[in-house]
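In: what's the 3D shape of this:
(one chain, ligands or ions: 2)
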Amino acid sequence: MVTLEWRFRSRLLFHPSRHRHVFFSAANPFRASITIVATAKTHGGMAESRPQEKYPAIQGGGSLMIAWQVKGKPVLVIGGGEVAAGRIVHLLNADAVVTVICPSSGLNAEVSYRVAQKQVTHVDRIFLPSDLDDKDWSMVLVAIDDPAASTQIWKLCKQKRLVANIADVPPECDFYFGSVHRDGPLQIMVSTNGKGPRLASMIRRFIAKQLPSNAGRAIEAIGELRVKLRQVAPKPEEGPKRMSWMKDVSDRYSWEEMCEMTDEDMTNLLTFYEPNRVPSFHDLRGMRASAIEAAKADVFDGSFGFSVGA
Ligand SMILES: C[C@@]1(CC(=O)O)C2=NC(=C\c3[nH]c(c(CCC(=O)O)c3CC(=O)O)Cc3[nH]c(c(CC(=O)O)c3CCC(=O)O)/C=C3\N/C(=C\2)[C@@H](CCC(=O)O)[C@]3(C)CC(=O)O)/[C@H]1CCC(=O)O
Ligand SMILES: NC(=O)c1ccc[n+]([C@@H]2O[C@H](COP(=O)([O-])OP(=O)(O)OC[C@H]3O[C@@H](n4cnc5c(N)ncnc54)[C@H](O)[C@@H]3O)[C@@H](O)[C@H]2O)c1
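Out: Ligands and ions are numbered 1, 2, ... in the order given. Next comes the predicted model:
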């Protein structure tokens, strides 16, 4: 049995080819420690490992981190204070249809603003159990300063099989919130699984500082290209080729190059899909109409720039 313990300090690696695999690679002051345990049995001269060792080791006790789609769906927020205000921002950023139940006298300035702007529907009173039957709520978020009422609402939600989060009461949460960094289509959520919310916020800011400033724009550009590619190659059976070509494209260009990509570049780039090639960005730029025009003008036409006679 070989036991190998590897402790490392590394900078956050952010390269398009790697970002899918890197959620968080720690750097000072956060250190990560990876323990790799491998066993090998020699059998007939061949090293053989047990199947479970080939696959990721299970580390229970975490949360399932998913990107929940609440666009256009009704979500109920109970309470209108500071915590509710934060929840509402997250919900509106995800295009949810939000109803806030809270007496007007309890609304803080931010929630009052959301109500006045008609970004949320406001019900001006305290919560009633019948509110849970009002709509087909996707989730219920409780952020009130009344622990007994919170627990009652939690119990009602469970009776009605509604998914709920009671702020600050981990045992009464189907899911926790986390600290979120947002840059256009990029969202990074840090969870400490209830251990240290303030540290989650610190780590989120730490990660955000390491990111390329144009990560959001580059992702946006790649997103556009993926949509165009599906128009060029819509068939489901093209899936493997599409995916392999998109992987090559994502790996080939730098963040700056992805941001620089124009509509014309994308159209030109898509002509390389059929032969399954990916040109360098330099070559792609050379295919722009303006570059071709400039190249034509530069071509030596046999004259010496002056004329004799007349
Ligand atoms: C990330 C964030 C998202 C958000 O709320 O949007 C969030 N809490 C934030 C801040 C924060 N919350 C608290 C403090 C005071 C300092 C402190 O106590 O540490 C600060 C810091 C501050 O205010 O600066 C108090 C607190 N919170 C919880 C308890 C109960 C307990 O631990 O038992 C207590 C103690 C109450 C008491 O002692 O009485 C519980 C939860 N808070 C969570 C999320 C979930 C786990 C997230 C995770 O695992 O990381 C979870 C489990 C459930 C939930 O609410 O979803 C947001 C940072 C956003 C940002 O800035 O980016
Ligand atoms: N998870 C977190 O990040 C975090 C951070 C701080 C506080 N909290 C907790 O979240 C809860 C709310 O905190 P806050 O700072 O927003 O408090 P707050 O006092 O600012 O707001 C509470 C709101 O609840 C409303 N309310 C009270 N009873 C109600 C009822 N029965 N029906 C409808 N509305 C009702 C009040 O009118 C008020 O708008 C508290 O329990 C607090 O301990 C959580």
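In: and the stretch 1-150 of the chain, which residues reach ligand 1?
Out: Applying Cβ under 6 Å from any ligand atom, we find that the stretch 1-150 of the chain lies next to ligand 1 at residue 86. Where C-beta positions appear, they are placed from N, C-alpha and C, glycine not excepted.
In: now the strands for the stretch 1-150 of the chain?
Out: Assigned by DSSP state E, counting those that start in this stretch, the stretch 1-150 of the chain shows strands spanning 2-8, 32-38, 41-43, 46-48, 74-78, 97-101, 121-123, 139-142.
In: pLDDT weak spots in this structure?
Out: 1-52, 299-310 (pLDDT under 70).
In: out of everything not next to it in sequence, what's closest to the spatially most central residue of it?
Out: Most central in the chain under Cα atoms, centre = their mean is residue 187, positioned 3.5 Å from the mean C-alpha point. Computed as Cβ to Cβ, 6 or more residues apart in numbering, the closest residue to residue 187 that is not its neighbour in sequence is residue 180, at 6.1 Å.
In: Could you verify that the one you found is part of a strand?
Out: Yes: assessed by DSSP: H, G, I helix; E, B strand; the rest coil, residue 180 belongs to a strand.
In: gap between it and residue 200?
Out: Distance check for residue 180 against residue 200: by Cβ to Cβ, to the nearest Å, it reads 10 Å.
In: Looking at the two, which has the bigger crowd around it?
Out: residue 200 (21 against 16; other Cβ atoms under 10 Å).
In: For the helix or strand encompassing the more buried one, list every residue counted as buried.
Out: Counting by DSSP states H and E, the element that carries residue 200 is helix 197-210. In terms of neighbour count (16 or more other Cβ atoms under 10 Å), helix 197-210 has its buried residues at 200, 203, 204, 206, 207.
In: got it, and stretch 127-137?
Out: For stretch 127-137, the neighbour count (16+ other Cβ under 10 Å) marks 127, 131, 132, 137 as buried.
In: Now for the third one: which residues touch it?
Out: Meaning residue 132. 76, 140, 156, 157, 160, 162 (Cβ atoms under 8 Å, 6 or more residues apart in numbering).
In: The host helix or strand of the third one packs against which elements?
Out: Read it as residue 156. For residue 156, the host element (DSSP H and E) is helix 147-159. For helix 147-159, the packing partners by 3 or more Cβ pairs under 8 Å, 6 or more residues apart in numbering; DSSP states H and E come out as strand 139-142, strand 164-166.
In: Just name the most buried of those.
Out: strand 139-142 (a mean of 24; mean count of other Cβ atoms under 10 Å).
In: So what touches that one?
Out: Against strand 139-142 from outside (Cβ under 8 Å, 6+ apart): 70, 75-79, 84, 87, 91, 132, 150, 153-154, 157, 162-167, 174-175.
In: How about stretch 111-120, which residues are buried there?
Out: Applying 16+ other Cβ under 10 Å to stretch 111-120 flags 111, 114, 115, 120 as buried.
In: Dump those into a markdown table; add distance to residue 259 as well.
Out: Formatted as a markdown table, these follow (distance: Cβ to Cβ, whole Å):
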| residue | distance to residue 259 |
| --- | --- |
| 111 | 36 |
| 114 | 33 |
| 115 | 38 |
| 120 | 34 |
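In: Now do stretch 110-124: distance from first to last residue.
Out: This stretch, stretch 110-124, spans 16 Å end to end (Cα to Cα, to the nearest Å).
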